[in-house]
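>>> Here's a sequence, model it:
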Amino acid sequence: MNSKRPNIGVTGPDKGGRAAWWFTWFAILIQGGRAIHICPKEGIPDADIHGLVIGGGADVNPKRYGKSQLGELFSEDQKVSGIRQLLIRIATILFFPFIFFLRKLFSTTSVGIDNDRDEMELDLLGRAVEKGIPILGICRGAQLMNIYFGGTLHQDIENYYTEVPRPHSVWPKKKVKIDEQSKLFDVLGFGTVWVNAMHRQAVDEVGDYMTIVAREETGVVQAIEHQYHNFMLGVQWHPEYMPQVPSQRQIFKRMLEEAHGFVKNQK
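All right, here's what the predicted structure looks like:
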């Protein structure tokens, strides 16, 4: 192994999910890591893994958790300079057709419940938790992380959007408030961020040692993190589809920093 590039396992389905994989691969590459694709059919690789990304995809089997419902919250503004915000919006407009095209080209329709993937990722999570490997959960990955620690999910968040439109887009259209005491705030550097939205399920009851660190204005949980682990973060949005937003790249950057630290401590 080239010690300068930590191996980051990235989970995905056997079919579909290619766009997410490539964007995640790129996000890891530019931060100095080597992404390794892990899917149920091929199984867990023999290579040492120094970081783990549990990716997005099909809904988690509801048999693995209970049901539940709603809530409500906030209003605050982003402390980003006008020029910086304008530049990010311009970059987003330029990137959007490219990202939209790739997702359309390489995504497949939902396969529904994917039990093989559920089992593989829960196994991987257990191994990563035991070894202290940095873990990033994206969308479904954040939900699975919560379930692993005994939490539950809302099976469908539709009821949260009776009075406001429900965004569903790779475009960053959803405003999310970050807990300023959280590790996520330390990573992003902002108390409010705009994110994309492509999920139907969301965290309900939070698992043991997990903390809710971000919500959208309807109250839907947008991020969780482990209270004691150095880097165990779950985000409901897809940072890999926002390479044009510096704060979203920081998520992968921090993960790679932690992966480098993990490799160093193994020597």
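>>> Is the residue positioned nearest the centre of the chain bridged to anything, and to what?
Centroid check for the chain by CA atoms, centre = their mean gives residue 138 as the closest residue, at 1.9 Å. Residue 138 has these beta-bridge partners by DSSP bridges: residue 235.
>>> my read: it touches residue 54, true?
Yes - Residue 138 lies in contact with residue 54 (CB atoms under 8 Å); the separation is 6.8 Å. Using the backbone N, CA and C atoms, a C-beta is placed for each residue, glycine as well.
>>> quick one on the thing from earlier: and the residue nearest to the centre of the chain, what does it touch?
The contact partners of residue 138, by CB atoms under 8 Å, 6 or more residues apart in numbering, come to 20, 24, 53-56, 234-235, 237-240.
>>> try it again with 7 Å
53-56, 235, 238, 240 (CB atoms under 7 Å, 6 or more residues apart in numbering).
>>> What residues of stretch 129-136 count as buried?
Across stretch 129-136, burial judged by 16 or more other CB atoms under 10 Å covers 129, 133-136.
>>> any chance of the residues you listed in a markdown table, with distance to residue 11 and secondary structure too?
Below are these laid out as a markdown table (distance: CB to CB, whole Å; DSSP: H, G, I helix; E, B strand; the rest coil):
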| residue | distance to residue 11 | secondary structure |
| --- | --- | --- |
| 129 | 15 | helix |
| 133 | 13 | coil |
| 134 | 14 | coil |
| 135 | 11 | strand |
| 136 | 11 | strand |
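>>> In contact with residue 176, which residues?
With CB under 7 Å, 6+ apart, residue 176 has these contacts: 192-193, 195, 214-216, 222.
>>> at 10 Å what do you get?
The contact partners of residue 176, taken as CB atoms under 10 Å, 6 or more residues apart in numbering, are 74, 184, 188, 190-195, 197, 214-217, 220-223, 235-237.
>>> Please apply the same query to residue 235.
By CB under 10 Å, 6+ apart, the neighbours of residue 235 are 136-139, 141-142, 176, 184, 188, 195, 213-214, 222-225, 248, 251.
>>> I'd like the contacts of residue 138 laid out as a markdown table, including distance to residue 116 and pLDDT.
Below are the contacts of residue 138 laid out as a markdown table (distance: CB to CB, whole Å; pLDDT from 0 to 100):
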| residue | distance to residue 116 | pLDDT |
| --- | --- | --- |
| 53 | 18 | 98 |
| 54 | 15 | 97 |
| 55 | 15 | 94 |
| 56 | 16 | 90 |
| 235 | 24 | 97 |
| 238 | 22 | 95 |
| 240 | 23 | 96 |
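>>> buried subset of those?
53-56, 235, 238, 240.
>>> In the helix or strand that residue 263 is a member of, which residues are buried?
Applying DSSP states H and E as the criterion places residue 263 in helix 246-266. Within helix 246-266, the residues that qualify as buried are 247-263, counting by 16+ other CB under 10 Å.
>>> and it, what other elements does it pack with?
strand 7-11, helix 18-29, strand 51-54, helix 82-106, strand 135-138, helix 183-188, strand 192-197, strand 232-235 (3 or more CB pairs under 10 Å, 6 or more residues apart in numbering; DSSP states H and E).
>>> let's see 7 Å
Packed against helix 246-266, as judged by 3 or more CB pairs under 7 Å, 6 or more residues apart in numbering; DSSP states H and E, are the following elements: helix 18-29, helix 183-188.
>>> Mean neighbour count, distance to residue 201 and mean pLDDT added to those, as JSON lines?
Shown next, in JSON lines, are these (neighbours: other CB atoms under 10 Å; distance: least, CB to CB, whole Å; pLDDT from 0 to 100):
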{"stretch": "helix 18-29", "mean neighbour count": "21", "distance to residue 201": "17", "mean pLDDT": "94"}
{"stretch": "helix 183-188", "mean neighbour count": "20", "distance to residue 201": "20", "mean pLDDT": "97"}
